[in-house]
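K.L.:
give me coordinates for this.
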Amino acid sequence: MTSNLHPSAAAAEHQSEQHPLLALPTKEIPGSYGTPFLSPIKDRLDYYYFKGKDDFFLSKINLYSSTVFRTNVPPGPFMAFMASAPRVIAVLDAKSFPILFDTSKVEKKDVFTGTYMPSTNLTGGHRVCSYLDPSEPNHTKIKQFLFNLLASRKDAIIPSFRSSYAAPIFSSIESQIASKGRADFNALNDNLAFDFISDAYFGARPSKTGDSSLPSKVTVWLLLQLAPLLSNVLTPFKVPKYVEDLLLHTFALPSIIAKPGYKKMYAYFESAGAAALDMAEKLGLSREEACHNLVFASCFNSYGGLKVLFPGVVKRLAEAGNDLHTKLAAEVRGAVAELGENGRLTVAALEKMELTNSVVYEVLRIDPPVEFQYAHAKKDFVLHSHDAAFQVRKGEMLFGYQPIATRDTRVFGADADKFVPDRFVGAEGAKLLRYVWWSNGPETESPTVNNKQCAGKNFVVLVARLLVAELFLSYDSFTADVSNFLLGSKITITSVTKAKNKLGGDHVV
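P.N.:
Residues are numbered from 1 along each chain as shown. Here you go, the predicted model:
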């Protein structure tokens, strides 16, 4: 996307790192915030309705001839969030973007969602881990709690995925295609992904315990937090754009809407996650605070993430077509035949699937489930892009729009905008993984209690691999209609071609 930048920059960057005398010139950060109140509203309308996200930022890159610039970012200005100004320094290339992860220079307090922070009434009055900076004492305890939970359930993930997600979703897809000629992947994914997460984390399934309405309650709770980031939600109801903008982007939706549903969510996790809460108490966390964090990590981070990620994976696979499907089917079945157990997936078999793994990383690069990152400067420092150095002052907010930064042509070449399934195959491909940042940190690094990288990073990569592998154990190919949908893609499966050779196990073949 940054095609206006000269491809020799990578060599120049390397030279400047090796030879300080060749350091890039320090410049004033271009751009401005315009007229208070009015300019943020104009930028908001351009971003949501007149230009769209990509063109909003690309037009400013071209205007300033820089991937670092000052701008207003939506939603702001909020009358209900007046303390949260929309003024940021945008960092939109592969050189500048990693500053957002450097907690020695930036603070990540209360910036998880954006320049605004949803009411803590939606999280039981607690600032949950995602909103804490690593310097805050509870961050270490809560993140370690989440690490311990994931470690304690690592052997349950693959069996849970197969039994609570893959088998029922494939069966339902086939049934819907047979009866209706098409299958609504998003609706099936929403219900089954929640069952899977609960089964993987706690060994419990809401659909089996009379709590089948929980996914819809979680969705309402999610929408109240993410509404300021959405647009064209009310278009199907013939609501004018200016009315939608007023409703979604100017006032906070009342948190009381989610209160009855949240009580039931909390009660479910308090019961299903009892063993996990026992672990939390041993770390010095109160059971109540740990449970609110468990709700958030399970429902926002995990379930909310899979609502976006899984349709994104299926979208890219559907658009790639039969040639990729054939290669994936051969790789998956070959690895399972060699390293699987009774025709079933194992970790060893997944590690053998180089193309499958590359496909997952490429989806995470080109369609990151979390598009935005934010941070406040802890101190004055110099920020580097490919072409220049810029002075950042303490307290200024930095902002990154990942779908542009991770399509930097200086790193990924002329096809940076394209989905290239084998981009990360081989030794040279592996070197590019340090530029994949979907998890709020490089793919080559690991989450710790001292950083803000997603605690479930490895879990997310694993389940995305499982989705691709289980799909091509069961089917030779499939087709789907794809369209935009809220924060992700709307997927309608139109046909599936069952696998011609059955490996065994309990796959839908």
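K.L.:
tell me where the model's unsure across this protein.
P.N.:
Where the chain drops to pLDDT under 70, the residues are 1-22, 77-85, 501-509.
K.L.:
distance of Ala469 relative to Arg344?
P.N.:
The spacing between Ala469 and Arg344, counted by Cβ to Cβ, to the nearest Å, is 10 Å. (Glycine included, C-beta is placed from N, CA and C.)
K.L.:
same question, Tyr262
P.N.:
37 Å.
K.L.:
among the two, which residue is more densely surrounded?
P.N.:
Tyr262 (23 against 18; other Cβ atoms under 10 Å).
K.L.:
list the buried residues in whatever helix or strand that one lives in.
P.N.:
Using DSSP states H and E, Tyr262 sits in helix 259-272. The neighbour-count check on helix 259-272 (16 or more other Cβ atoms under 10 Å) flags 261-262, 265-266, 268-270, 272 as buried.
K.L.:
likewise for stretch 410-421?
P.N.:
Buried, per 16+ other Cβ under 10 Å, within stretch 410-421: 410-412, 416, 419-421.
K.L.:
again with stretch 380-396
P.N.:
381, 383-390, 392, 396.
K.L.:
got the end-to-end distance for it?
P.N.:
Terminal residues of stretch 380-396 lie 9 Å apart, using Cα to Cα, to the nearest Å.
K.L.:
just stretch 130-139 next, same as before
P.N.:
9 Å.
K.L.:
same question for stretch 153-169.
P.N.:
22 Å.
K.L.:
would you mind listing the outside residues contacting it?
P.N.:
185, 188-189, 192-193, 195-196, 199-203, 205, 344-347, 459, 462-463, 466-467, 470, 474, 506-508 (Cβ atoms under 8 Å, 6 or more residues apart in numbering).
K.L.:
buried members of those into PyMOL, please.
P.N.:
The buried residues among those can be selected in PyMOL (16+ other Cβ under 10 Å) with this line:
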select buried, resi 185+188+189+192+193+195+196+199+200+201+202+205+344+345+459+462+463+466+467+470+474+507+508
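K.L.:
which of the buried residues of stretch 380-396 lies closest to Val239?
P.N.:
Glu396 (36.2 Å; Cβ to Cβ).
K.L.:
list the contacts of the closest one.
P.N.:
Residues near Glu396 by Cβ under 8 Å, 6+ apart: 89, 376-377.
K.L.:
could you redo the last one with a cut-off of 6 Å?
P.N.:
89, 377 (Cβ atoms under 6 Å, 6 or more residues apart in numbering).
K.L.:
helices or strands up against the helix holding Tyr262?
P.N.:
Judged by 3 or more Cβ pairs under 6 Å, 6 or more residues apart in numbering; DSSP states H and E, helix 259-272 is in contact with helix 214-226, helix 287-296.
K.L.:
with respect to burial, which of those scores highest?
P.N.:
helix 287-296 (a mean of 22; mean count of other Cβ atoms under 10 Å).
K.L.:
other SSEs contacting that helix?
P.N.:
Using 3+ Cβ pairs under 6 Å, 6+ apart: helix 287-296 touches helix 259-272, helix 274-282.
K.L.:
what about Ile493, which SS state?
P.N.:
strand (DSSP: H, G, I helix; E, B strand; the rest coil).
K.L.:
that one: what's its closest spatial neighbour, skipping adjacent residues?
P.N.:
Ala183 (4.3 Å; Cβ to Cβ, 6 or more residues apart in numbering).
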